[in-house]
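Visitor: Here's my sequence, what's the structure:
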Amino acid sequence: MLKVIFSSEDILRTRVAPAADPVWELVLSLHLLQGREREPLLLEWRRAVARALRTGADGEQFRLLFALNPPRGYFPDFLTPYASRDGFEAGLEAVRSTPVDLLRRDLTLLSGEHALPAPAGALARGEPEVLRHLTESMARYRALAVAPYWSRIQAAVEADRARRARAMLDGGPEGLLDSLRPSMRWADGVLEVLDYPDTRELRLDGRGLLLVPSFFCARTPVALLDPTLPPVLVYPVDRLGGLTPLRDPDDADREALAALLGRTRAAVLAAAEDGCTTGEVARRLSISAAAASQHASVLRNAGLLVSHRDRNTVLHTLTPLGRAVLDP
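Guide: Numbers count the residues shown, from 1 in each chain. All right, here's what the predicted structure looks like:
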């Protein structure tokens with residue numbers, strides 16, 4: 001179990017990242033791609049990426065990148081720099097600028113668990129050519145495996161941020177931390193990450209915590225190993241239908257989309273654009289809670305909404321298909 005220790009100052013300084021982090025998504029997608037688990041929502045993505053890697057790229061291009069990102073266990077902290085919150089290029093520049101002592105430390109830790117290819121030695125010495133090769137591999141892999149799906153990834157993260165914003169409005173910073181159930185548990189100034197692969201404590205010491213919602217994060221949230229780095233906790237979001245191709249409403253299942261015809265369901269869909277509970281839908285549209293729930297159920301079955309229950313309320317947000325139908 002990982003225990004994140006907060007002071008009152010840390011609670012006030014805790015925030016949620018403003019968008020999906022492009023470097024974290026890249027690195028975590030590598031873990032899922034190589035892992036043994038076969039999540040149904042990602043099967044088509046796995047096939048497409050594996051096909052693209054076989055037919056569109058030289059395998060040696062990615063050898064070092066894959067070796068640095070094993071499907072389980074430790075992976076180097078330097079691959080996910082804090083600077084990536086400012087965008088992909090900022091993240092790559094931070095990787096290229098990693099101090100040699102950090103490279104050597106991280107790669108020594110990794111080599112204790114996994115055999116590394118020969119270029120890892122040059123990387124540990126901070127040779128600029130190898131660092132450039134690594135970041136070029138990251139950019140090329142992202143173009144194949146992440147960038148084509150970015151709108152869906154971002155939509156899932158935006159839906160999660162809407163949930164966290166509501167939790168913050170309703171319960172303040174502690175309400176936000178409490179909303180991270182069931183993979184985490186908040187109590188008495190400690191955020192416990194359940195089922196964490198090892199046992200340790202992370203003391204924030206007044207630095208606060210950056211929560212990073214992630215599409216490709218597996219079931220267990222992820223923290224950096226080095227406690228001196230800016231504290232980050234990456235956690236999984238609901239994948240909102242996975243990474244299957246977004247259907248064109250003109251070619252989609254007519255029976256499912258036919259249920260949308262009519263003003264009331266269109267209004268329910270519009271109300272869910274920024275997140276809306278069943279009770280709020282009922283009040284906004286002057287309909288009964290039962291009717292609001294029924295309309296939301298039809299939209300959800302058509303793949304246009306996703307609903308999250310939190311105690312006695314249900315929050316509805318748009319899926320990527322729902323957003324496309326609402327804003328064609």
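Visitor: Could I get the full set of helices for this structure?
Guide: Taking DSSP state H as the criterion, the chain carries its helices at 8-12, 22-34, 43-55, 63-67, 88-96, 100-111, 119-124, 128-145, 150-178, 254-258, 263-271, 278-285, 289-301, 320-326.
Visitor: As TSV, those with mean pLDDT, mean neighbour count and distance to residue 206 would be great.
Guide: Yep, even glycine has a C-beta here, placed from its N, CA and C like the rest. Formatted as TSV, these follow (pLDDT from 0 to 100; neighbours: other C-beta atoms under 10 Å; distance: least, C-beta to C-beta, whole Å):
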stretch	mean pLDDT	mean neighbour count	distance to residue 206
helix 8-12	95	15	5
helix 22-34	95	22	24
helix 43-55	88	14	40
helix 63-67	95	17	35
helix 88-96	95	18	23
helix 100-111	96	16	23
helix 119-124	96	18	33
helix 128-145	95	17	33
helix 150-178	90	19	14
helix 254-258	47	12	51
helix 263-271	86	17	40
helix 278-285	86	18	37
helix 289-301	89	18	42
helix 320-326	79	21	39
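Visitor: Residue 237 is nearest to which of those helices?
Guide: Nearest to residue 237, of all these, is helix 150-178, at 4.0 Å by C-beta to C-beta.
Visitor: Which elements pack onto that closest one?
Guide: Where contact means 3 or more C-beta pairs under 8 Å, 6 or more residues apart in numbering; DSSP states H and E, helix 150-178 is packed against helix 8-12, strand 15-16, strand 184-187, strand 210-214, strand 305-310, strand 313-318, helix 320-326.
Visitor: Return the distance of that helix from the chain's centre.
Guide: 12 Å (C-alpha atoms, centre = their mean, to the nearest Å).
Visitor: quick one, it and strand 210-214 angle?
Guide: Counting by axes from the mean of the first three to the mean of the last three C-alpha atoms, to 10 degrees, helix 150-178 lies at 140 degrees to strand 210-214.
Visitor: Outline the domain layout of this structure.
Guide: Following automatic domain parsing, the chain resolves into domains at 2-18+153-236, 22-150, 254-326.
Visitor: Minimum distance to residue 243: which of the ones you listed has it?
Guide: Of all the domains of the chain, domain 22-150 comes closest under C-beta to C-beta, at 4.1 Å.
Visitor: Can you give me the distance of residue 182 to residue 197?
Guide: Distance from residue 182 to residue 197, counting by C-beta to C-beta, to the nearest Å: 18 Å.
Visitor: So between the two, which is more surrounded?
Guide: Using other C-beta atoms under 10 Å as the criterion, residue 182 and residue 197 rank with residue 197 on top: 12 against 6.
Visitor: Can I get stretch 132-150 in PDB, CA atoms only?
Guide: Included here for stretch 132-150 are C-alpha records, laid out as PDB according to Å, rounded to 0.1, in the frame of the first residue of the first chain:
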ATOM      1  CA  ARG A 132      17.900  12.200 -29.000                       C
ATOM      2  CA  HIS A 133      17.200   8.700 -30.300                       C
ATOM      3  CA  LEU A 134      15.100   7.900 -27.300                       C
ATOM      4  CA  THR A 135      12.900  11.000 -27.600                       C
ATOM      5  CA  GLU A 136      12.600  10.500 -31.400                       C
ATOM      6  CA  SER A 137      11.300   7.000 -30.600                       C
ATOM      7  CA  MET A 138       8.800   8.400 -28.100                       C
ATOM      8  CA  ALA A 139       7.600  10.900 -30.700                       C
ATOM      9  CA  ARG A 140       7.300   8.200 -33.400                       C
ATOM     10  CA  TYR A 141       5.500   5.800 -31.100                       C
ATOM     11  CA  ARG A 142       3.100   8.500 -30.000                       C
ATOM     12  CA  ALA A 143       2.200   9.200 -33.600                       C
ATOM     13  CA  LEU A 144       1.300   5.600 -34.200                       C
ATOM     14  CA  ALA A 145      -0.300   4.600 -30.900                       C
ATOM     15  CA  VAL A 146      -1.600   7.700 -29.100                       C
ATOM     16  CA  ALA A 147      -2.100  10.700 -31.300                       C
ATOM     17  CA  PRO A 148      -4.800   9.100 -33.500                       C
ATOM     18  CA  TYR A 149      -6.900   8.500 -30.400                       C
ATOM     19  CA  TRP A 150      -6.200  11.700 -28.600                       C
END
